[in-house]
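need coordinates for the below:
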Amino acid sequence: MDGMLALYIFMLAAFTGYEIIAKVPVILHTPLMSGSNFIHGVVVVGAMIVLGTADTLTQQIIGFFAVALGAANAAGGYVVTERMLGMFQKKKES
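Predicted coordinates:
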């Protein structure tokens, strides 16, 4: 894929994502983001496949950071979801 085409697709996706998220009400932002962070599990699998086929040191470094950041985002999605669900549990009376 041509580098300029890839850059164009990335910029278009970033702009579209920003416009969609900016219009989400604040009350729905946390559940929406925790659900979308879960999708990073798929991103981590893709990053691991790309890292496994990396030939140069630069590709390996970028692949390593892709796996690390994707895993951190997926774990963060689980943490946010757990905390969010904890807010809806009834408090135990002492």
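
list the helices and strands the helix or strand harbouring L85 packs on?
Using DSSP states H and E, L85 maps to helix 57-86. Packing contacts for helix 57-86, counted by 3 or more Cβ pairs under 8 Å, 6 or more residues apart in numbering; DSSP states H and E, involve helix 26-38, helix 40-52. Any C-beta I mention is one placed from the backbone N, CA and C, and that applies to glycine too.

so what's the gap between that helix and the chain middle?
7 Å (Cα atoms, centre = their mean, to the nearest Å).

and that helix with helix 40-52, angle?
If you take axes from the mean of the first three to the mean of the last three Cα atoms, to 10 degrees, helix 57-86 sits at 170 degrees to helix 40-52.

buried sites along helix 57-86?
Using 16 or more other Cβ atoms under 10 Å as the test for burial, helix 57-86 gives 63, 66-67, 70-71, 73-74, 77, 80-81.

comparing the helices and strands packed on helix 57-86 by mean pLDDT, which bottoms out?
Set side by side, these give their lowest mean pLDDT on helix 26-38, at a mean of 67.

what about H40, how many neighbours?
Around H40 there are 20 other residues, counting by other Cβ atoms under 10 Å.
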